[in-house]
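> 3D, please:
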Amino acid sequence: MNPYIPVIVVLIFGVVLGCILSGLAYFIGPKRYLKEKMDPYECGVPKVTGAAEKMSVKFYLTAILFILFDIETVFLYLWARSFDQLGWLGLVEVAVFVMILVVGYIYVVRRGALEWD
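The predicted structure is shown next:
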């Protein structure tokens with residue numbers, strides 16, 4: 001017996017179920033499209049500016065830095081989970097890792113990447 005048969009069955013089931021539910025939503029769903037319903041809506045606040053307005057590069061830079069330092073936190077969590085097996089060498093390695101993070105953070109702060117002037 002092929003070991004991939006259960007995977008294929010689940011995939012077929014998922015595709016068929018998705019098609020059935022999408023079809024039901026299309027035929028049963030409401031058909032009245034009002035201007036208020038079609039307007040973009042975000043976080044409970046109606047749209048104030050147009051979509052063509054450009055965002056500041058500072059926004060993207062802050063978002064990228066947040067993701068970068070957030071992912072580093074995941075590595076620290078994994079290190080903490082395996083602290084017993086790593087011993088002193090693991091402690092030295094994570095100290096070097098944290099020092100690299102601190103140097104990177106100091107560099108970012110001195111360059112003014114987190115200031116919104």
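
> mind checking the longest helix of this structure?
Longest helix in the chain by number of residues (criterion: DSSP state H): helix 83-111.

> tell me the phi and psi of the most centrally placed residue in the chain?
Computing the C-alpha centroid of the chain and ranking residues by Cα atoms, centre = their mean puts residue 67 first, at 8.1 Å. As for residue 67, its main-chain torsions (degrees, to the nearest 10) stand at phi -60, psi -40.

> and it, what pLDDT?
Taken from the predicted model, the pLDDT recorded for residue 67 is 88.

> and what of residue 50?
So, for residue 50, pLDDT stands at 65.

> Ok, residue 46 next?
Looking at residue 46, its pLDDT reads 65.

> do the same with residue 40
In this prediction, residue 40 carries a pLDDT score of 69.

> coming back round to it: gap between the longest helix of the chain and the chain center?
24 Å (Cα atoms, centre = their mean, to the nearest Å).

> And that helix, what's buried?
Buried residues in helix 83-111, counting neighbours by 16 or more other Cβ atoms under 10 Å, are found at 94, 101, 108. Using the backbone N, CA and C atoms, a C-beta is placed for each residue, glycine as well.
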